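[1] the following block contains a protein sequence and its predicted model.
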Amino acid sequence: MSCESNLVIISMVHSWLVANDYDGLYCDGCGCSVDDLWPCSNVEAMLTCRAGYKVAGCQNDCGEGCDFHIVAEKPE
């Protein structure tokens, strides 16, 4: 897939996430906010991502010292 195609896909996904009140995407061990979708540029990872919601802090099993994680359930 070309770089231009990736940018079109990212733009479309960004618009859909914002329109549906999601904060970003997550997949196995990975997450990104709507403001920085797919920073890794891994096309294969893009295929497994799901829409989710941002929660502050690092999950116990992560160990990366992250500022946030994207999770499936909307926090209360």
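    Thanks, I have it.
[2] who are the packing partners of the longest helix anywhere in the chain?
    When the chain is scanned for its longest helix (criterion: DSSP state H), the result is helix 3-19. Other helices and strands packing on helix 3-19, by 3 or more CB pairs under 8 Å, 6 or more residues apart in numbering; DSSP states H and E, are strand 24-27. Heads up, the C-betas are built off the backbone N, CA and C, glycines and all.
[3] hey, C-alpha coordinates of the strand it packs on in PDB?
    The C-alpha atoms that make up strand 24-27 are tabulated as PDB, following Å, rounded to 0.1, in the frame of the first residue of the first chain:
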ATOM      1  CA  GLY A  24      -8.400   6.300  19.600                       C
ATOM      2  CA  LEU A  25      -7.500   2.800  18.600                       C
ATOM      3  CA  TYR A  26      -6.100  -0.200  20.400                       C
ATOM      4  CA  CYS A  27      -4.900  -3.700  19.600                       C
END
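[4] helix/strand/coil for the nearest residue to Met46 once chain neighbours are set aside?
    Across the structure, with CB to CB, 6 or more residues apart in numbering as the measure, the residue nearest Met46 apart from its sequence neighbours is Trp38 (5.7 Å). Three states are possible here, and by DSSP: H, G, I helix; E, B strand; the rest coil the one that applies to Trp38 is coil.
[5] can you report how many residues neighbour Trp38?
    For Trp38, the tally of surrounding residues (other CB atoms under 10 Å) stands at 17.
[6] nearest the geometric middle of this structure, what residue?
    The centre of the chain sits closest to Leu25, judged by CA atoms, centre = their mean, with a distance of 2.3 Å.
[7] what sits up against the biggest strand by length in the chain?
    Assignment by DSSP state E gives strand 50-56 as the longest strand of the chain. Contact partners of strand 50-56, identified using CB atoms under 8 Å, 6 or more residues apart in numbering, comprise 17, 20, 22-27, 31, 33, 67-75.
[8] show me the shaky parts of this protein.
    1-2, 41-44, 58-65 (pLDDT under 70).
[9] again, only this time at 50
    Using pLDDT under 50 as the threshold, the predicted model of the chain has no low-confidence range.
[10] re the thing from before, narrow the contacts of strand 50-56 to just the buried residues.
    17, 22-27, 31, 33, 68-71 (16 or more other CB atoms under 10 Å).
[11] alright, that wraps it up for me.
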